[in-house]
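Trainee: Attaching a predicted model along with its sequence, questions to come.
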Amino acid sequence: MANTVSTVHLPDGEAIPKLGQGTWEMGERPSARKAEIAALREGVELGMTLIDTAEMYGDGKSEQLIAEALGDVRDDIFIVSKVYPHNGSERGVQAACERSLKRLATDRIDLYLLHWRGGEDLQGVVAGFEKLKRDGKIRHWGVSNFDTDDMEELFALDGGDACATDQILYNVARRGSEFDLLPWLREHRLPAMAYSPVDHARLPRGGALEAIASARGVSAFQVALAWVLQQPGVFAIPKAADVAHVRENRAALDIRLSAEELADIDQQFKPPTRKRGLEML
Ligand code: NAP
């Protein structure tokens with residue numbers, strides 16, 4: 001690899017990049033394919049080797065795009081994929097995983113997540129994930145969109161504490177998890193994977209982010225991403241189909257916000273003072 005980025009650790013001690021790449025809404029439009037492949041390859045060149053996808057994204061087209069874009073560097077990347085809750089049973093997750101492996105043109109998924117809660121058999125999911133691990137089809141498993149009570153429920157199940165991460169909506173404008181979920185994850189030594197770290201490009205204009213950005217000669221997106229990356233035990237998967245955005249996102253990892261800048265951000269985007277249900281996109 002030409003470049004590396006700083007890392008966070010999974011509970012078993014494996015180091016993974018603190019900054020990866022999301023792929024939701026990629027692989028769906030033939031006219032965008034060339035640019036998307038260039039963006040993913042540039043990100044990997046810059047050390048953003050953790051790639052997030054899901055069977056849901058474009059009905060498998062995102063997984064196929066990853067195979068096409070990064071098949072030749074498979075051993076240098078860390079693939080995260082997700083299973084629908086309607087496939088959430090011991091047999092269902094194994095069958096879904098086989099389909100994802102085929103689309104990804106690989107023999108293993110590095111981290112396999114239950115996408116959200118929705119009528120799944122959670123004990124069956126854990127059993128299916130553990131079987132996939134024993135068979136070498138996945139290396140780690142985790143969950144997504146699990147709130148604190150969901151994590152408690154998971155950890156009470158047989159084998160549930162083998163969970164490696166919780167992928168959650170987390171950015172300056174969506175801070176509810178700071179009240180109890182992020183402390184819970186830190187206490188259990190699980191890194192939190194922040195999705196939509198720039199709020200799906202919907203962050204409010206003006207205000208603290210833009211003031212800090214213009215003083216530093218960077219963009220408000222980079223300030224928002226730097227803020228997420230500065231949170232302890234958090235790693236992030238921004239999606240960027242534009243090579244220039246990919247480069248900016250990599251550069252955001254090197255921005256260290258000062259105490260004063262963090263306080264300005266807190267003024268506009270207040271930390272939670274009470275429990276709120278986990279938001280999801
Ligand atoms: P996001 O990463 O917060 O935002 C993506 C949007 O921001 C795109 O429109 C992108 O534009 C733009 N962008 C990215 N970097 C930028 C920059 N430096 N300057 C200007 N614009 C920039 O939103 P997301 O895609 O919702 O979340 C990221 C990933 O998390 C997803 O792709 C997916 O892998 C995962 N996710 C998971 C869940 C879940 O339920 N587990 C839910 C949502 C997302 P361009 O594409 O034009 O570069």
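Mentor: Looks like it came in fine.
Trainee: Now the nearest residue to residue 191 once chain neighbours are set aside: which helix or strand?
Mentor: Nearest residue to residue 191 in three dimensions, chain neighbours excluded: residue 8, at 4.4 Å (CB to CB, 6 or more residues apart in numbering). Where C-beta positions appear, they are placed from N, C-alpha and C, glycine not excepted. Using DSSP states H and E, residue 8 falls within strand 7-9.
Trainee: Show me which residues of that strand are buried.
Mentor: For strand 7-9, a neighbour-count test (16 or more other CB atoms under 10 Å) marks residue 8 as buried.
Trainee: next one: it to chain centre, how far?
Mentor: On the basis of CA atoms, centre = their mean, to the nearest Å, strand 7-9 sits 13 Å off its chain's mean C-alpha point.
Trainee: Next up, the contacts around the residue nearest to residue 191.
Mentor: 15, 16, 18, 191, 233, 234, 235 (CB atoms under 8 Å, 6 or more residues apart in numbering).
Trainee: how does it look with 6 Å?
Mentor: Shown in contact with residue 8 (CB atoms under 6 Å, 6 or more residues apart in numbering): 18, 191, 235.
Trainee: Just name the closest of those residues to the ligand, please.
Mentor: Set against the ligand, the nearest of the contacts of residue 8 by CB to the nearest ligand atom is residue 235 (11.4 Å).
Trainee: if we can go back for a sec, against the ligand, how distant is the residue nearest to residue 191?
Mentor: For residue 8, the distance to the ligand (CB to the nearest ligand atom, to the nearest Å) stands at 16 Å.
Trainee: can you map out the helices along the stretch 151-281 of the chain?
Mentor: With helices called from DSSP state H, counting those that start in this stretch, the stretch 151-281 of the chain shows them at 181-187, 207-216, 220-229, 243-252, 259-268.
Trainee: re the thing from before, could you point out the helix or strand that follows the strand holding residue 8?
Mentor: strand 15-17.
Trainee: Now that following strand: average pLDDT?
Mentor: The average pLDDT for strand 15-17 rounds to 97.
Trainee: Any buried residues in that strand, and which?
Mentor: Under 16+ other CB under 10 Å, the buried positions of strand 15-17 are 16, 17.
Trainee: and what of stretch 185-197?
Mentor: Those would be 185, 190, 191, 192, 193, 194, 195, 196, 197, for stretch 185-197 by 16+ other CB under 10 Å.
Trainee: What about the ligand: which of those touch it?
Mentor: Contacts with the ligand are made by 195, 196, 197 out of the buried residues of stretch 185-197, judged by CB under 6 Å from any ligand atom.
Trainee: Right, I'll call it a day here.
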